[in-house]
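Engineer: Below is the structure, and that's it, no one-letter string:
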Ligand SMILES: [Zn+2]
């Protein structure tokens, strides 16, 4: 028993009685309730409030003597936990930290001590001895940071001299026989029943060799017949064998004040009553023989003590930081994470959530697709989301673009990129979102009207290059085809994963761009790629966005590794920029079926997550529709190249197609030009007609051949 | 009940029996009904004194990952274990940079107070709730733990208070672990022992029960899962309540 030896060392040779102070114990519920009271009830009211705590005499050895305040502390008339003694207190909740600091603690203590003293003098404390166990709680609640400053005081009246004990304290079992102990326990239980309580803070006692009698304090005059031997019981929350707890302290003052003239010594039973492993015992209680000191003859209130020391042992306040469990933002973050972890624990144990959550996503376009992609990313716990858009929110937007509201359209409309960030932060404050209100230069849309427009375009390009470098995944979610060209080129050059989504009226394509191999080996592999030149020029005119879902093509080109997959422009036979001739899905975005953007936006994110779960990421071999029956390559299933959806049939297919060596966006010659000449090359593309890119890539030639073929086909048909 | 599952009605019956016995044993369980509904839960609080490891190991161990915390812990699982439990539990309080202290001046030194050095030990209050889960058809143990200031322990701190032998067992099975979860009735964050395996380990217990002494599902279950998180179930629960009065 380590605690015994340390006590013995500190136990005084002159047999001075020393009390174990209360230490405050606050449950989180108390702080929650104080917060509610402060917000809804007290507000700026600093007047003292009545609260209630309790203490317990059944703790196992070694626990500190506690005064506990829980959720129910504010219901002064509410029940006290069974077998516990209530203690009433006064709460001083200040509005500022400064008021907390400058509150006159000594005055508070003296005021409370005076009330105790007055109740002793008046006899009120005899009738209700719980008055002897009062406390003060001084608090300041910083509800911005969820920091709670507090300081407890357990007022105790002091004798001018110390209190002497006339012999070493003894354990009850050393003084009482087993029979007496049984009788004592029964007498206490009877007293409790009589008083309608489950715990009695103070009581009077008489005993013989085999009987024990008890009575409440107020029965003193009838119960105590012989003042030579007076035994008083105190419900004692202390577990130390050499010291009584705090509640005895004011009782001794009461005894001295009321009967000091008749009493020289008093026997005190520190009643301790614990149940361990279902066995109740009281024999570890402690008996003190106390020489009752005298109080000064005048009836002035004695000196008082009682402010609690802080954990450092200094006379100072305490502070608890509850932001972790009370700050709604922190709670939201941990709940979002938890939700995802449950998915992993319960359904997909091998899911690598960190990979998903830590992915930095760049969303080019904050319209119908951008809004839906962002929401799905949030669902996956992705924290880092950046929007690029140059549009303002118009009245038609909010019904289809879930990050905007009617209010956002007023006064000309807010910028989408920044409004989207605001909304994401409202939905989930833990998100790290950024918005850039900027245009993306496009092929065939000249930027050389003036020095200013040219340098603006250069700035925009540099900004876009920087953004793409800083992110892991680039989502192409714009509503024009041409604006996808520049980010496709930059991302291909920087080897960033691109997920592209485009809508028609009732069809959509969601695809990942092929991820080129590292620059060193690119020359070799690009040459190899070009030998297996790309598919189906024929089908591209019917569904112009991206490579076509021609079934023979996808089975022909099965098992295409990620670095050989095509991009959005690979199937084009025209360069982007000529919007009059180019019938594209994405230009009709606003007239697509309303559910389409949500479906495609969600699929774009789910595709990204599946890619991230693959050990080879963007280099993963494309899964095709034929793979649906095979062992999936990731814990989440397939990693297709494209998902093409047909809402009219409620059907999706998973085509895959190879990079096209004459692609106007990802072919080696385009990337070489971009990497060598940078903005010079790009501005040429912006300023020239589409034929510039077509000439560069050799598409012009191919185009002529294809038209010839089509004509030949047509004439062939006609001949039938 | 024979299949190892527990419907809600049986759950309530088990709880009532457990409560009766708890009252006799002063074990501290109470029933908390949710206002305006049939639903409720068993609740108990318990204190555990935990010794803070004075070695400064912790801070260097790095943080951030949500995987297992690597705190050393040597706690004794023996019967009165909670009296002398030791663990390198954490919970360093953000102590005050607040002034406003009383000047340690003059005659305020109180010689009537004994110096109780708390030493390096810290008292934690554990709050346990037993709820019925419809989806698992099993009882579920929710709990949270607070410092004496009322600060909730983090998942990592809770882990470090789990006895090492249990910790190993828990960690080897991702489906049977402690996680932070919203309390289904209170909506507050609680830790939860996942009930996925409950049916599995309860089936043999229930098969072994003899005709005359039916097993209290909740009690048997609790005696298995409780000790993992420091909740002891006195053996006396299993002795028949009417048979004899307590020995003195
Ligand atoms: Zn391409």
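Structural biologist: Okay, I see it. Quantities reported herein were computed from a predicted structural model and do not represent experimental measurements. Residues are numbered from 1 along each chain as shown, chains lettered A, B, ... in the order given.

Engineer: Okay, helices next: where are they in chain B?
Structural biologist: B:8-25, B:57-60, B:155-160, B:164-171, B:198-207, B:217-225 (DSSP state H).

Engineer: Pipe the ones you listed into CSV and attach mean neighbour count and distance to residue A:241 per row.
Structural biologist: All C-beta atoms are positioned from the backbone trio N, CA, C, and that covers glycine. Formatted as CSV, the helices of chain B follow (neighbours: other Cβ atoms under 10 Å in any protein chain shown; distance: least, Cβ to Cβ, whole Å):
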stretch, mean neighbour count, distance to residue A:241
helix B:8-25, 17, 25
helix B:57-60, 12, 34
helix B:155-160, 21, 31
helix B:164-171, 15, 32
helix B:198-207, 16, 42
helix B:217-225, 21, 32
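
Engineer: mean pLDDT lowest for which of those helices?
Structural biologist: Here the helices of chain B differ in mean pLDDT, and the lowest is helix B:57-60 at a mean of 34.

Engineer: and residue A:24, what helix or strand is that in?
Structural biologist: Per DSSP states H and E, residue A:24 falls inside strand A:23-26.

Engineer: Setting the sequence-adjacent residues aside, check what's closest to residue A:219.
Structural biologist: residue A:204 (6.6 Å; Cβ to Cβ, 6 or more residues apart in numbering or on different chains).

Engineer: phi, psi of the one you found?
Structural biologist: phi -100, psi 150 (degrees, to the nearest 10).

Engineer: Kindly state the beta-bridge partners for it.
Structural biologist: residue A:215, residue A:232 (DSSP bridges).

Engineer: Lowest average confidence across helices and strands of the chain, where is it?
Structural biologist: The chain I'm using is chain A. Of all helical and strand segments in chain A, the minimum by mean pLDDT, DSSP states H and E falls on helix A:551-556, at a mean of 42.

Engineer: hm, I was asking about chain B
Structural biologist: helix B:57-60 (a mean of 34).

Engineer: returning to what we had before: what pLDDT does the residue nearest to residue A:219 get?
Structural biologist: 96.

Engineer: and what of the one 3 residues further on?
Structural biologist: With respect to pLDDT, residue A:207 has a value of 94.

Engineer: Just list the residues touching the nearest residue to it once chain neighbours are set aside, thanks.
Structural biologist: For residue A:207, ignoring the flanking residues on the chain, the nearest one in space by Cβ to Cβ, 6+ apart is residue A:180 at 6.2 Å. Residue A:180 makes contacts with A:207, A:209-210, A:212, as judged by Cβ atoms under 8 Å, 6 or more residues apart in numbering or on different chains.

Engineer: re the thing from before, which neighbours does the strand holding residue A:24 have in its sheet, and in what orientation?
Structural biologist: Applying DSSP bridges, one finds strand A:23-26 paired with strand A:66-69 (parallel).

Engineer: Quick one: name whatever helix or strand follows the strand it pairs with.
Structural biologist: Counting by DSSP H and E, what follows strand A:66-69 is strand A:84-94.

Engineer: mind listing the strands for the stretch 1-150 of chain A?
Structural biologist: A:23-26, A:49-56, A:66-69, A:84-94, A:134-142, A:147-157 (DSSP state E, counting those that start in this stretch).

Engineer: Those into JSON lines, with extra columns for mean pLDDT and mean neighbour count?
Structural biologist: JSON lines is the format used below for the strands of the stretch 1-150 of chain A (pLDDT from 0 to 100; neighbours: other Cβ atoms under 10 Å in any protein chain shown):
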{"stretch": "strand A:23-26", "mean pLDDT": "92", "mean neighbour count": "24"}
{"stretch": "strand A:49-56", "mean pLDDT": "96", "mean neighbour count": "21"}
{"stretch": "strand A:66-69", "mean pLDDT": "94", "mean neighbour count": "25"}
{"stretch": "strand A:84-94", "mean pLDDT": "95", "mean neighbour count": "21"}
{"stretch": "strand A:134-142", "mean pLDDT": "95", "mean neighbour count": "22"}
{"stretch": "strand A:147-157", "mean pLDDT": "95", "mean neighbour count": "25"}
